[in-house]
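Colleague: Task: produce atomic coordinates for the following.
(chains A, B, C and D)
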Protein chains: 4
Amino acid sequence: MKTARLEAFSDGVFAIAITLLIIEIKVPEDTSHLLTKLGELWPSYLGFVISFLVIGLIWANHHAMFDHIVTADRTLLFLNTVLLMLVVFIPFSAGVLAAAFRTGESERTSVVLYGVVLVAGGIPFNAIWEYARRNHRLLGPSITPAEAKRIARRFYLGPVLYGVGTLLGALVPALGIAVFALLIPYYWLPPAMHWLRKPQPAQPAE
Amino acid sequence: MKTARLEAFSDGVFAIAITLLIIEIKVPEDTSHLLTKLGELWPSYLGFVISFLVIGLIWANHHAMFDHIVTADRTLLFLNTVLLMLVVFIPFSAGVLAAAFRTGESERTSVVLYGVVLVAGGIPFNAIWEYARRNHRLLGPSITPAEAKRIARRFYLGPVLYGVGTLLGALVPALGIAVFALLIPYYWLPPAMHWLRKPQPAQPAE
Amino acid sequence: MKTARLEAFSDGVFAIAITLLIIEIKVPEDTSHLLTKLGELWPSYLGFVISFLVIGLIWANHHAMFDHIVTADRTLLFLNTVLLMLVVFIPFSAGVLAAAFRTGESERTSVVLYGVVLVAGGIPFNAIWEYARRNHRLLGPSITPAEAKRIARRFYLGPVLYGVGTLLGALVPALGIAVFALLIPYYWLPPAMHWLRKPQPAQPAE
Amino acid sequence: MKTARLEAFSDGVFAIAITLLIIEIKVPEDTSHLLTKLGELWPSYLGFVISFLVIGLIWANHHAMFDHIVTADRTLLFLNTVLLMLVVFIPFSAGVLAAAFRTGESERTSVVLYGVVLVAGGIPFNAIWEYARRNHRLLGPSITPAEAKRIARRFYLGPVLYGVGTLLGALVPALGIAVFALLIPYYWLPPAMHWLRKPQPAQPAE
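Modeller: Numbers count the residues shown, from 1 in each chain, chains lettered A, B, ... in the order given. So this is what the prediction gives:
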């Protein structure tokens, strides 16, 4: 079974989950003192930006992973479905996070929920890669077993770091959010640095 | 007519229907006693998980079916549209199911509605396969008529089992849900077992 | 400019518009007397089914049209965007239709709105085909100018028939809905008849 | 890394964002005096039409840009994610715009918000093109550096003109909206004019 439709379906779910984030930000019906009201929605904007970049990141990593996975089977479909289920849950936990910081109540609970969903999402994500690379089962010739192992270590780091953010958030809610926010540039920046230094015109990479 | 756009369109509808499931879980506006409130939403989570895996399963079977269907005609488009219409109805029936178990009223009705939608969806699903395999009309050389018949028998089992769950749910609501939930591993697990036993590296399968 | 991304984007919009139809059917929060409440939603189901099949039909015709259009330019993109805009409006007009028949007020207005949106959608649809087939500008070798003209006549019939339904609906609302509903089998059935008579195994066709 | 999945993911997000615009137009629950109520929604229709055509335009330009970008790297993915984030924000700012003009309060604020989102979206859009064309890094042979520079100048004009509209809207709200509305035909019309004059049958063009 080819992975083309699995990727198309996953792209669709990622695209919708990332877009649904905006639905959680309610347009004020009464627009008197609009600027104040828009300002009070800052937890929603923060949750939107962090969640958008986090889902964008998961998508980018999913993309990188499936650049090497050339065959799909039912187990892979199942693991991928579980991953997508947890990605789809993020707009809900982001909405809860924003509501808690808007009302100032149960912030701790909301941060832990948000973090737990991210950690939970890391499990099927890593399971996909472990399953695919076991005996090089579903991987193509574009990657060696050693490289696949190195990538696995990098992928394992994700849920661990989100777990640290969750634990810190259980102590100081704002700190947890800060960790989730800081993980985003940590992931995006290094390769950006790399590419800004060494432009390689018209040549496929990584 | 090629099936590429039909598959792309179907993937889109499946992806959106599966993601809309999260919209039925309302973020609590008032976040005092958040943990309790999140806990009270358990019927929504249950409906979400079951429906996500059920739609994921229908998608996977749709995928498997269209791996062999190589030609599309208007009748196929029509049957596929009816199938998609019933898939799109699942987030609604899942929302009704969750609402009934949250309030504790009319659980029976909600389970029967949920089951009837699944049984109804099985009709166009099986009709697509019957129509495509009649005289091997729309199938390609990747499958023999005998194999197509064997798959048909497996597909027929779906609405029958969902029908049994619906009937049991009409007697004992929780039992109906249990059957719907148990059908999911029944479908996903066997091939998983199979693949965990016999890894076949980098070679397209089933 | 190739039409691949235009088709992918259009498929996405069609898929989302058709799925959003379910959002207009609100899950009852209070589930006491659920069966009665679900029954009272019949105008929503009717609007859902008709609109789903209508959008499915527009998609199928869009698909048939772009099987022959091989080149895209900015004018085509613009006309296609206007068409998609009117397709996206259908879930709104379907929601208004259902609300009017649920409350029993302003049914006439709601039917006319629904019909006007369908007629309006026919304008960019036919404009796309006229623009593409003028001097065979954007068409490929898969169709002759004479065939393109014959298809144009069939496409012109759409907004005319929807217009008749709208006028009849302005007199007797239920009659307008009946016309909209009857146009669906009128479009889907004939080719189905055709194909049920002459199965042509594994051979691409219009 | 190929750009195929980046384009598919982006197409999905564009398609959903453009379709979500309709969700901001609420179906009136009470349909007595429906025509009046539908009429009062004119700011929503206006916001819908402008936003639909604006997002359609950004998509068309994104499309044109990625016709020449042949390689993707993480930096491109990041810039593209930021662009999509701002596109996804448009349904929210369009909803705020419509609410303000419906209630007649804080129109100025709503126009400025709407314009600022468009200007902000222009930043990652131009950054993508600058990044891709630096040393012809990610561009293919379909375009020369000189042509890429010429296109860059045209792209830079976008946020500048939206900025002018925002400033004018801060003085006279209706004037800002007029500028946003007039920019749409300004972008769509010239090539349309061009193509209506010189039909070039069956030949790919920019």
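Colleague: Every contact and neighbour count from this point should use C-alpha atoms.
Modeller: Noted.
Colleague: can you map out the helices along chain A?
Modeller: For chain A, helices defined by DSSP state H occupy the ranges A:4-20, A:34-40, A:42-66, A:74-103, A:107-133, A:145-171, A:173-197.
Colleague: Mean pLDDT and distance to B:Ile143 added to the ones you listed, as a markdown table?
Modeller: Listed next are the helices of chain A as a markdown table, based on pLDDT from 0 to 100; distance: least, C-alpha to C-alpha, whole Å:
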| stretch | mean pLDDT | distance to B:Ile143 |
| --- | --- | --- |
| helix A:4-20 | 93 | 19 |
| helix A:34-40 | 96 | 59 |
| helix A:42-66 | 94 | 27 |
| helix A:74-103 | 95 | 18 |
| helix A:107-133 | 97 | 26 |
| helix A:145-171 | 94 | 33 |
| helix A:173-197 | 77 | 45 |
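Colleague: can you count the residues close to A:Arg154?
Modeller: 10 (other C-alpha atoms under 10 Å in any protein chain shown).
Colleague: Please report how far it lies from B:Glu130.
Modeller: Per C-alpha to C-alpha, to the nearest Å, A:Arg154 is found 47 Å from B:Glu130.
Colleague: now swap in A:Thr81 and tell me
Modeller: According to C-alpha to C-alpha, A:Thr81 and B:Glu130 sit 27 Å apart.
Colleague: Looking at those two, which one has more neighbours?
Modeller: A:Thr81 (23 against 16).
Colleague: ok, now which ones touch that one?
Modeller: When contacts are counted by C-alpha atoms under 8 Å, 6 or more residues apart in numbering or on different chains, A:Thr81 touches B:Leu53, B:Gly56.
Colleague: at 10 Å what do you get?
Modeller: By C-alpha atoms under 10 Å, 6 or more residues apart in numbering or on different chains, the contact list for A:Thr81 reads A:6, A:9-10, A:13, A:75, A:87, A:124, B:52-53, B:55-57, B:60.
Colleague: Over to A:Leu83?
Modeller: By C-alpha under 10 Å, 6+ apart, the residues touching A:Leu83 are A:Ser10, A:Ile58, A:Leu77, A:Ala120, A:Gly121, A:Gly122, A:Ile123, A:Pro124, A:Phe125, A:Asn126, A:Ala127, A:Ile128.
Colleague: Surely the fifth one is in contact with A:Leu86?
Modeller: Yes. Checked against C-alpha atoms under 10 Å, the pair A:Gly121 and A:Leu86 is within contact range at 5.4 Å.
Colleague: Okay, the residue located most distally from the centre of chain A and A:Ala8: tell me how far apart.
Modeller: Of all residues in chain A, A:Ser32 sits farthest from the chain's C-alpha centroid, using C-alpha atoms, centre = their mean; the distance is 36.4 Å. Using C-alpha to C-alpha, A:Ser32 is found at 44 Å from A:Ala8.
Colleague: before we move on, what about A:Val88?
Modeller: Going from A:Val88 to A:Ala8 by C-alpha to C-alpha gives 16 Å.
Colleague: swap in A:Glu24?
Modeller: On the measure of C-alpha to C-alpha, A:Glu24 and A:Ala8 end up 25 Å apart.
Colleague: May I see the contacts of A:Thr81 organised as CSV, with neighbour count added?
Modeller: Output for the contacts of A:Thr81, formatted as CSV (neighbours: other C-alpha atoms under 10 Å in any protein chain shown):
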residue, neighbour count
A:Leu6, 21
A:Phe9, 25
A:Ser10, 23
A:Val13, 31
A:Thr75, 21
A:Val87, 25
A:Pro124, 22
B:Phe52, 26
B:Leu53, 20
B:Ile55, 21
B:Gly56, 24
B:Leu57, 19
B:Ala60, 19
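Colleague: Which ones, among these, also lie beside chain D?
Modeller: Among these, the residues within reach of chain D (C-alpha under 10 Å from any C-alpha of the partner chain) are A:Ser10, A:Val13.
Colleague: Looking at the contacts of A:Thr81, which one is closest to B:Leu182?
Modeller: The shortest approach to B:Leu182 among those belongs to B:Leu53, at 11.0 Å (C-alpha to C-alpha).
Colleague: Tell me who's in contact with whichever residue of chain A sits closest to chain C.
Modeller: Proximity of chain A to chain C (C-alpha to the nearest C-alpha) peaks at A:Gly12, 8.6 Å away. Counting by C-alpha under 10 Å, 6+ apart, A:Gly12 touches A:6, A:18, B:8, B:11-16, B:19, C:12, D:8-13, D:16.
Colleague: Tell me how many other residues surround the residue in chain A positioned nearest to chain B.
Modeller: Proximity of chain A to chain B (C-alpha to the nearest C-alpha) peaks at A:Arg137, 3.7 Å away. Counted by other C-alpha under 10 Å, the residues lying close to A:Arg137 total 21.
Colleague: try A:Tyr45
Modeller: Other residues near A:Tyr45 come to 19 when the count uses other C-alpha under 10 Å.
Colleague: ok, now the one 4 residues further on?
Modeller: Burial measure for A:Val49: 17 neighbouring residues, criterion other C-alpha under 10 Å.
Colleague: Report the separation between it and A:Leu182.
Modeller: A:Val49 is 12 Å from A:Leu182, by C-alpha to C-alpha.
Colleague: try A:Gly47
Modeller: Note on A:Gly47: its distance to A:Leu182, by C-alpha to C-alpha, is 13 Å.
Colleague: of the two, who's got more company?
Modeller: Between A:Gly47 and A:Leu182, A:Gly47 has the larger neighbour count (other C-alpha under 10 Å), namely 26 against 13.
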